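> fold the following for me, if possible:
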Amino acid sequence: MGECEEDKEITEVERAENFASRFENLTNNPHNNLRITRILHSLGELGAEEYQAPLVRFFLKEILIKNRLPRMKKSAMNFFIPAVRDSQDRHDLLFFAWRYYFPKEEFVWGSHEELAQYKAKPVVAALLPAPLSEWTPVYSEKEKKWLTEEPGEYGEDGWFQLKNGQVVLPATLAPEIVRALHASTHGGREMMEQQLEPHFYVPGLSVICKAIAQQCVTCAKNNPRTGPSQPPGKQPIGLSPMASLQIDFTVLPPCKGYKYLLVMVCTLTGWVEAFPTRTEKTTEVVKSLMKEIIPRYGLPLEIGSDNGPAFIQNCLQQLARLLGITWK
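Below is the predicted model of the structure:
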């Protein structure tokens, strides 16, 4: 057993020396920062999990501790750590990053027992912008009435904290705060729930986490989509606003060159978005999605249409597949 541990330590030293020499060559040229970012973005495809964590740890040390690439601190937190597949390795790296991300005078070390307890808790504070300071709590009358019956009290900052230590998030702010966490980790539904539940009380947390994770454009580009399909003959209803759309062209009286109206309807809320177009072509559909719908509402999970020529073109279907949109 001792020999195995000794061999592992020797391997780690060799890796560190190898990483150090490569890193030195890369950082000699400031234009290689982008190259380093691309290398680490593709860590999830390297295969060997035991190779990923030491490499990410090395880069975090160079970026966060030695401050050799100060502009990459945000990328280190947002992209490098989530690339590691093993959940325990990811957790250790988050703790490692938090340890060095703040100035040492702001990070107080306790006993080994306190450190072990601290390490066992999900790291959330470093992922949310100065925990909750970016938001002002506004509870509805219904929420205020409910909170008067719960054991807890309002803090000086206006947030209501339950007796068990959980902060109650208003329903109007919960999606925005969860989205901020997702932007820092790009974790899935289960990961976000595990990080938030010990610290916050959020009604409908599972539904919110699922919708935000599925609508993330970055996740759609990098994560494969799996799961059961809808039963045939059933019209799906979106889990959140603008998650499921129905789309079609309608004819308009000609006006200033516009002859058609591209209409998109949210299956959950019935909200309508309409865009006048000069033609009934695929380019009009792509332009409306990429310039209007996705920037404002996020990535839809599915889009339904008829078999009109504008909707069955190969280029549009390929775009939908790349973005992880189910086109029906």
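
> how about stretch 210-222: buried residues?
Neighbour-count burial for stretch 210-222, counted by 16 or more other CB atoms under 10 Å, picks out 210-216, 219-220, 222. Glycine gets a C-beta too; all of them are placed from N, C-alpha and C.

> should've said stretch 249-263
For stretch 249-263, a neighbour-count test (16+ other CB under 10 Å) marks 249, 260, 262 as buried.

> what residues sit buried inside stretch 282-296?
By neighbour count on 16+ other CB under 10 Å, the buried set for stretch 282-296 is 282, 284-286, 288-289, 293-294.

> let me know the closest of the residues you listed to residue 169.
Comparing those against residue 169 with CB to CB places residue 294 closest, at 26.2 Å.

> from residue 280, how far off is residue 255?
Taking CB to CB, to the nearest Å as the measure, residue 255 falls 16 Å from residue 280.

> ignore what I typed, I meant residue 243.
Counting by CB to CB, the separation of residue 243 from residue 280 is 26 Å.

> higher neighbour count, the two?
Shown here are residue 243 and residue 280; by other CB atoms under 10 Å, residue 243 has more neighbours (23 against 16).

> residue contacts, that one?
211, 214-215, 266, 268, 300-302 (CB atoms under 8 Å, 6 or more residues apart in numbering).

> also residue 136?
Applying CB under 8 Å, 6+ apart, we find residue 136 in contact with residue 158.

> list phi and psi for it.
Here is the backbone geometry of residue 136 (degrees, to the nearest 10): phi -110, psi 120.

> cool, and the one 4 residues further on?
Backbone geometry at residue 140, expressed as degrees, to the nearest 10, gives phi -70, psi 170.

> how about residue 315?
Backbone torsions for residue 315, taken as degrees, to the nearest 10, come to phi -60, psi -40.

> and it, how close does it get to residue 278?
Using CB to CB, we find residue 315 at a distance of 19 Å from residue 278.

> ditto for residue 299
Using CB to CB, residue 299 is found at 27 Å from residue 278.

> more crowded one of the two?
residue 299 (20 against 12).

> touching, the more buried one and residue 212? I think so.
No: using CB atoms under 8 Å, residue 299 makes no contact with residue 212, being 10.5 Å away.

> just to revisit the earlier point, reformat the buried residues of stretch 210-222 as CSV; add distance to residue 328, pLDDT and secondary structure.
Compiled in CSV, the buried residues of stretch 210-222 are given as follows (distance: CB to CB, whole Å; pLDDT from 0 to 100; DSSP: H, G, I helix; E, B strand; the rest coil):
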residue, distance to residue 328, pLDDT, secondary structure
210, 20, 86, helix
211, 19, 86, helix
212, 23, 86, helix
213, 21, 83, helix
214, 16, 81, helix
215, 18, 81, helix
216, 21, 81, coil
219, 21, 76, helix
220, 17, 74, helix
222, 24, 70, helix
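
> just the closest of the residues you listed to residue 159, please.
Nearest to residue 159 out of the buried residues of stretch 210-222 is residue 212 (CB to CB; 21.1 Å).

> just the buried residues of the helix or strand hosting residue 321, please?
Assessed by DSSP states H and E, residue 321 sits inside helix 314-323. Of all the residues in helix 314-323, those buried under the rule 16+ other CB under 10 Å are 316, 319-320, 323.

> what packs against that helix?
Judged by 3 or more CB pairs under 8 Å, 6 or more residues apart in numbering; DSSP states H and E, the packing partners of helix 314-323 are helix 217-222, helix 282-288, strand 326-327.

> what does that helix contact?
With contact meaning CB under 8 Å, 6+ apart, helix 314-323 is reached by 217, 220-221, 282, 285-286, 299, 303, 310, 326-327.

> hmm, which of those is lowest in pLDDT?
Ranked by pLDDT, the contacts of helix 314-323 bottom out at residue 221 (71).
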